[in-house]
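Participant: coords below, sequence missing:
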């Protein structure tokens, strides 16, 4: 499950997972209007939530809602359960 909230022009997303071990910098993809952007992994190592952040640039507009990509991009890293198994995100 992915939850998104806006705070002072930044989007914060939370992905629900079992407690996980995160290596490197996974990313999410957002489509805002005609622009596709990468959302930065902010934290959540060892917890049940992974946090992502993107600061919306001035003038960006999406009249029918922001679209969130369906997968987390690992960027050569890994996300594994703290118990050692594979995480199905």
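Facilitator: Good, I have the coordinates. It should be emphasised that the depicted structure is a prediction, and the values quoted were computed from it without experimental measurement. Residues are numbered from 1 along each chain as shown.

Participant: CA only for contacts and neighbour counts going forward, please
Facilitator: Noted.

Participant: Against residue 65, how distant is residue 25?
Facilitator: According to CA to CA, to the nearest Å, residue 25 stands 26 Å off from residue 65.

Participant: where along this protein do the strands fall?
Facilitator: Here the chain has its strands, by DSSP state E, at 2-7, 10-16, 20-23, 27-32, 35-43, 49-55, 67-68, 78-81.

Participant: returning to that earlier point: among residue 25 and residue 65, which residue is more densely surrounded?
Facilitator: Remark: of residue 25 and residue 65, residue 25 carries more neighbours, 16 against 10, as counted by other CA atoms under 10 Å.

Participant: separation between the more buried one and residue 59?
Facilitator: Residue 25 is 27 Å from residue 59, where distance means CA to CA.

Participant: Reformat the strands of the chain as a markdown table; add mean neighbour count and distance to residue 88.
Facilitator: Output for these, formatted as a markdown table (neighbours: other CA atoms under 10 Å; distance: least, CA to CA, whole Å):
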| stretch | mean neighbour count | distance to residue 88 |
| --- | --- | --- |
| strand 2-7 | 11 | 13 |
| strand 10-16 | 17 | 11 |
| strand 20-23 | 18 | 11 |
| strand 27-32 | 18 | 15 |
| strand 35-43 | 16 | 17 |
| strand 49-55 | 19 | 13 |
| strand 67-68 | 15 | 17 |
| strand 78-81 | 18 | 9 |
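
Participant: With that, I have no additional questions.
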